[in-house]
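Colleague: With the sequence up front, the predicted model follows.
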Amino acid sequence: MGNSINVAVMIKLEPDLSEGNVSYNPDGTLNRSQTRSILGAHSAIASRAAFYSKVLYDSNIKVCTMGPPTTDVALRQSMEICNADELHLYSDRMFAGADTLGTAETIKTGIERMGSIDLVISGHRAADGETGQTGPQAAWKLGFNFLGNVIDYNIDIETRTLHAKRLIEMQGLYNVLEEIECPLPILIAVDPSYKERYTTVSQRLKYVRLQKEAASRAQNYKQFFKIWTAKDLGVDPKYVGLPGSPTIVYKVERIPKAKASRKAIVIDSSSADELNDLGKKILEMVNSKG
Amino acid sequence: MKYQHLFVCFEHDDGHPLSVSFEMLGEARRLMNDFNKKYSLDEKVITIILGHNIRSLCNEAIEAGADAVIFSDHPELRYPKIVIDTKIISSIVRDRKIVSEAAQNTSPDYVKPRYMFFGADSIGRHLSSTVLAELESGLASDVNKLIIDDVMITHEHKTKGKAEKYEKTLFMYRPDFSGFLWTQILCLDNKNPEISREYSPQAGSIIPGVFPPIKKDASRKGKIVEYEPTFSGRDLKIRITKREVLKSEIPLEEKKAVVAFGRGIKDSPETNIRLIEQLAKQLDAEVAISLPLSKQPYKVSESIKSTYFIPARVVGTSGKKISPKLYIAIGISGAVQHIVGMKESDFVVSINSDLNAPIKDESDVFIHGRLEDVLPALIDSIGKLKGGK
Amino acid sequence: MEKYDVAIIGGGSAGLAALKELSKLGLQAVVLEAGKPVGSKNVTGGILYSKTYPNAKVNNVEDVYGDSFLSDAPLERKITKYYLNAVSGNKAYTVDLTEAHNYLTNYAYSVLMAKMNKWFAKHAEEEAARVGGGIVSGVHVSNIDRQNGKTIVEIDELDPIEVSAIIAADGVNSETALITGARQKLEPESLYQGVKSVVRLPEDIIDERYDLKDGEGIAHLFAGDISRGHNGGGFLYTNRDTLSVGVVYHLDSLIKSPIEPYILLDSFLRIPLVGNYIKDEVPFVKEIDRDLPKEDQLRTKFGTSKLLKSWEELRYTYYSKTAKSNAIKQGFYKDDEEIRNRLQETRKQLEEKFGVSFITNYVELEYAAKIVPDGKRAMMEKPYKDNVLFVGDAAGRGVFVGTRIEGINIGIDDVARAARAIARAKERNDFSEQYLGKYYGQLIEESPYTNDLRNVDFEYMRIFVNACRDIPTDSLNLFLRLGFALLSKASVQDLAKGIAKMLDQRTLLYLIESNEAYVKIPIEIAEKIGRTVERDYEIKPPSIEDRIAKIKISDDPEPHIKIIDPDTKFIKSMVHLCPTQCYIMELIDKESFKSQVVLQHEGCIECGTCSKETDWKHPKGEKGVVYEYG
């Protein structure tokens, strides 16, 4: 379609941290081998945001991620949400061990190989890495505009402008709601409170129809799925993987934490002595460490 | 010396400084004092401030520990725009001329900063990412502990398996997602000749509320330099069309003690709320409300209404479910919907004039009486106990 | 403005059937449902019937959905046995009503509405997609406007749409009825309050305990001393691996002597007969030692959680023939023995490592409540207004005649008639009340269900009385005894009919639905000739707080219900009668001890108990209750 837009979605495979699924080692660290991996929650939100563009603008959606071959499950889950047209997995030993800069370089190269892209959508952050850096860094390397904390967006296809609402937290004191317009191409990082709004009956019906299509596509996802090696992408080995990563994880150690305590005493009255005792008890609770 | 100084990216909201800026400057000051002593150097804490009508912030920054301020004042910069700010900050830190103006002893070989700090908040997290992408160096986010030291590193890729010395390394500690572990992140040059590369600055985004600012020192002197920003046509197409401050979020989940009140205050709401504020202050507790109060049922001053009668303070199925160490329920009858929100609390004290109030069944201590009587007595008693310590 | 042929307000079993029927007839229809997913606010007892009448045609669910229904739909069990239990204390007398249940019945299946509606929705939506219609969930219709002869449906969350006709399938608490003025709110005298618990029980255990095989099911009704004197009774239906258990009582009786629905439900569950029917082996997790460091507490919590999850999965696989064979076929386990061993090992681990003990209790999965219309009293005589057609519970058309309880099938038959009427109107492009509404009214008059709601079916009565033939009649009311004697003697049937016609239906109704019939007589029967059923464990129902916490409710910050006058007896009774305790009595003046009723709408499960004297609406889209079982 001449007037439609091309959308790329950056997603991540993450450990499932929900109760009943997650496994911890005796020292409190995550037992990755016993905990299954799923499409990250923020990646799912990014996928929903991409689907919005399909319902409203009939966009073409390509989902991409970097990881080992088993990462395809995340791509399939994303496809179920956004009815993606293509799934790209960047997988090569050369990419391994990358920090966000090294990862962003790989993803940037992958997106460039997709052809003309108008909008890239990434999640806010990953559950395990939690840096939230890869999206903006990929945007910068691509030379795209960038907006983070997006809670709503629309695209004026004529003027090739994205209109977004952003939610900026001012350190727990108050929040700022900002409406901003930005020319394409652009990468947006969706806020955890992103909420897509479909405001007409026809949009809702189209949503349902495309969701069904997404479910059946996802069943045959391998048809739409391609693995890209370092050679396929044509990356510069100096800038990806460990060589391309400025940071390393040097050490991991326990944060010292004090013992929690709890006592249950029942008092019932309004007399001065007992109030005083209660006062002592209350201060004890408030001043105790941990 | 190609890499010098610690740059702090100052954060503010339309001229009102965010506290993390002073916290970063405080920690930067402490670190660089030790650094200069240890290595017999004289590197500076330089802070970058972008905004409109922000000249007064420059002096505040000096008083808070900066040696120098490089600022740009322009209407286009009034509110943060990541793309524009990234370009300006990156230009500044790579501009030997302007850096030398700010820090007299800057080396003629200066290329980029040695260290860089950003706030780990909505603005800073993204800004730090794009700036470090532009500067092609490493970033650790959500840091809550910092140490500068020399270290011997043996790393398969970075040192090709040999033991190499890395001097003046910034150790950036960040808590992991479980909250139990500290990960130490280092940004290191590749000394391995096959992939040789220098990575500077070593950068981190700093968690607000962790580092103490230094005591404001009006006698401190520093250099203030202005930088003229340039904007491309494309940059100018980024336009903020509306900006609205929303009501505050109250971090109920993070406090050890929570003092909650309900409709029991209605006889004299303002007076009673003042008492409750007192108690909360004594215990460093956050104030919460039962659901009905968020509908603003009583006549009170505008400031009390907007501070307390807000959905963000509600405990219950419709609001927040919390589990503080101490929960004090004042004048709350204990509707089921409310109980579900606080039953996980460690220790529950409730005050109510109605002996049959359901909240009694969810309390460790139930004080039967009018809150107008009980509160002053309790505040008094706690006050004396605290004073005595 | 977007235009569609029909707006179907309400996406329960009737609304979804309407979508299917209209789509089959080539009409572009849209279901507008407040809940999400569609049909998640629907509650049923419940059993779905398919009926055959000698002199009239009904549209059964398989007529609407086709052959795939019986083979494909998530039907729980085929109810092949139907019993009425008279209970008093630990005594019970059981009457086999299977013949009455089979009267005019093709088949009956136990169902769970949330699951069933998902299936209905899938099929209705497929049909609708072909003609450009469909389902929109999570939206609330706020108004119906007439502008220049056009019908505009206004929706809180979306832009308005123009339609030619509307089917009101929004249930007993129909807002459409009030928006259009088609009828007043239903009176408590014509309503029942139903409260239900879905109980978990492994499939094979159900088979064994109730002596069933091959997907068969059983229905039990209960009457007697379970209701604290209120008119009504209890029910227990077997589903595949759950039970639907609950109580239904006349709402006017409850308003007169209010008592909490969950107290009535728990009284019912405490009957030894019922307790024994629902019991299972239940893990009891002890409190975590708070003196342990926080990390150890969390680790124990997660560890126990994960292991319990495995235990449950293993147990439900082991005690289900179908699940077991599937698991083995898919290679998860080698054989029967491996599952049993793993189950035993896991149990042992739970006991030894985490101190979990196993006790006898029952497992409650979901607590639900809803108002049910008694069609005999509530049925709309004119179920249409302009181009708005009312169906099922929205039209007050629930069949509730003694032990005959039917709802879902009536809604489905009604919508088939409505769809026909609308298709006919479309051909002439005449959607006026004269052409559309009246014709629909006519079709409804022709419905055998309408007849059932007006006239007593003597054949049914005869079968019922025949089933009770072993009961000594001296304990019964003389009037009733006469009635029974007359009805059971075939040779004087005509005489009986004559006499009955002289007594109007109201009097007969009184006989059937009197306190004698519901309470006193069953108690007498149980005590005099019942068998003793001993309770063999102490049942521990969950607290009301735990029940409420378990229901998935997302509260609308705006109150969707407002009290009109807090001082009426009706409103005061709501303090007891709201199933989730949304009404509380509050001290407003300490000196005079004056109290007033206050409503906290959060936690509302939209049952409709309080709707008569409140400004009652469903919460805005996607808010409110979402039932998992329904």
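Modeller: That came in fine, so what should we check first?

Colleague: Tell me the buried residues in the helix or strand where residue C:178 lies?
Modeller: Under the criterion of DSSP states H and E, residue C:178 resides in helix C:175-180. For helix C:175-180, the neighbour count (16 or more other CB atoms under 10 Å in any protein chain shown) marks C:175, C:176, C:177, C:178, C:179, C:180 as buried. All C-beta spots, glycine's among them, are computed from the backbone N, C-alpha and C.

Colleague: tell me the SS of residue 196?
Modeller: Just going to use chain A. Secondary structure, DSSP: H, G, I helix; E, B strand; the rest coil: residue A:196 is coil.

Colleague: my bad, chain C
Modeller: Classification of residue C:196 by three-state DSSP places it in strand.

Colleague: Tell me the spatial nearest neighbour of it, not counting adjacent residues.
Modeller: Once flanking residues are discounted, residue C:196 sits nearest to residue C:246: 3.5 Å by CB to CB, 6 or more residues apart in numbering or on different chains.

Colleague: now swap in residue A:200 and tell me
Modeller: Per CB to CB, 6+ apart, closest to residue A:200 is residue C:159, 5.0 Å.

Colleague: again, but for residue C:185
Modeller: residue C:612 (5.3 Å).

Colleague: Let me see the contact set for that neighbour.
Modeller: Contacts for residue C:612 (CB atoms under 8 Å, 6 or more residues apart in numbering or on different chains) come out as C:185, C:186, C:187, C:188, C:570.

Colleague: What is the most widely separated pair among those?
Modeller: The most widely separated members of the contacts of residue C:612, counting by CB to CB, are C:186 and C:570 (13.4 Å).

Colleague: who has more neighbours, these two?
Modeller: A direct count of neighbours by other CB atoms under 10 Å in any protein chain shown for residue C:186 and residue C:570 places residue C:186 higher, at 25 against 17.

Colleague: follow-up on the earlier one: what score does the residue nearest to residue A:200 have for pLDDT?
Modeller: Residue C:159 carries a pLDDT score of 97 in this model.

Colleague: Could you give the number of residues near it?
Modeller: Here the number of neighbours of residue C:159 (other CB under 10 Å) works out to 13.

Colleague: Is my assumption valid that it occupies a position in a helix?
Modeller: No. Assessed with three-state DSSP, residue C:159 is coil; it does not lie in a helix.

Colleague: residues contacting it?
Modeller: Contacts of residue C:159 by CB under 8 Å, 6+ apart are A:199, A:200, A:201, C:1, C:2.

Colleague: The second one contacts residue C:1, doesn't it?
Modeller: No. No contact is recorded between residue A:200 and residue C:1 when judged using CB atoms under 8 Å, the distance being 9.7 Å.

Colleague: These two - which one has more neighbours?
Modeller: residue A:200 (16 against 9).

Colleague: hmm, back to that, from the buried residues of helix C:175-180, pick the one nearest chain B.
Modeller: residue C:175 (22.8 Å; CB to the nearest CB).

Colleague: On the pLDDT front, check that closest one for me.
Modeller: You'll see residue C:175 listed with a pLDDT of 96.

Colleague: residue contacts, it?
Modeller: Residue C:175 sits in contact with C:9, C:141, C:616, C:617, C:618, where contact means CB under 8 Å, 6+ apart.

Colleague: From residue A:59, how far off is it?
Modeller: Per CB to CB, to the nearest Å, residue C:175 is found 38 Å from residue A:59.

Colleague: Could you do residue A:89 as well?
Modeller: Distance, residue A:89 to residue A:59, by CB to CB: 21 Å.

Colleague: Same question for residue A:87.
Modeller: As defined by CB to CB, residue A:87 lies at a distance of 15 Å from residue A:59.

Colleague: what about these two, which has more around it?
Modeller: Neighbour count, other CB under 10 Å: between residue A:87 and residue A:59, residue A:87 has more, with 27 against 23.

Colleague: Distance to residue B:290 and pLDDT added to the contacts of residue C:159, as JSON lines?
Modeller: Converted to JSON lines, the contacts of residue C:159 look like this (distance: CB to CB, whole Å; pLDDT from 0 to 100):
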{"residue": "A:199", "distance to residue B:290": "35", "pLDDT": "94"}
{"residue": "A:200", "distance to residue B:290": "39", "pLDDT": "96"}
{"residue": "A:201", "distance to residue B:290": "39", "pLDDT": "96"}
{"residue": "C:1", "distance to residue B:290": "44", "pLDDT": "94"}
{"residue": "C:2", "distance to residue B:290": "43", "pLDDT": "96"}
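
Colleague: Among those, name the ones in helices.
Modeller: Residues of the contacts of residue C:159 located in helices (DSSP state H): residue A:201.

Colleague: give me the element the nearest residue to residue C:27 once chain neighbours are set aside is part of.
Modeller: Computed as CB to CB, 6+ apart, the closest residue to residue C:27 that is not its neighbour in sequence is residue C:5, at 4.4 Å. If you go by DSSP H and E, residue C:5 is part of strand C:2-9.

Colleague: Counting by contacts, list what that strand packs against.
Modeller: If you count contacts as 3 or more CB pairs under 8 Å, 6 or more residues apart in numbering or on different chains; DSSP states H and E, strand C:2-9 packs onto helix A:201-219, helix C:13-24, strand C:29-33, strand C:161-168, helix C:408-428.

Colleague: ok now the last one, how far from the chain's centre?
Modeller: Helix C:408-428 has its average C-alpha position 23 Å from the chain's average C-alpha position, going by CA atoms, centre = their mean, to the nearest Å.

Colleague: Okay, buried residues for it please.
Modeller: Buried residues in helix C:408-428 (16+ other CB under 10 Å): C:408-426.

Colleague: helix or strand right after the lengthiest strand in chain A?
Modeller: When chain A is parsed with DSSP state E, its longest strand is strand A:145-156. Reading on from strand A:145-156 to the C-terminus, the next helix or strand found by DSSP H and E is strand A:161-170.

Colleague: packing partners for that following strand?
Modeller: strand A:145-156, strand A:174-183, strand A:186-190, helix B:122-134.

Colleague: Save those as TSV, and put in distance to chain C and mean pLDDT too.
Modeller: Formatted as TSV, the helices and strands packed on strand A:161-170 follow (distance: least, CB to the nearest CB, whole Å; pLDDT from 0 to 100):
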stretch	distance to chain C	mean pLDDT
strand A:145-156	15	96
strand A:174-183	17	92
strand A:186-190	20	96
helix B:122-134	25	95
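
Colleague: closest to residue B:303 out of these?
Modeller: Of all the helices and strands packed on strand A:161-170, it is strand A:174-183 that lies closest to residue B:303, at 14.4 Å by CB to CB.

Colleague: What residues sit buried inside the closest one?
Modeller: Those buried within strand A:174-183 under the rule 16+ other CB under 10 Å are A:175, A:176, A:178, A:180, A:181, A:182, A:183.
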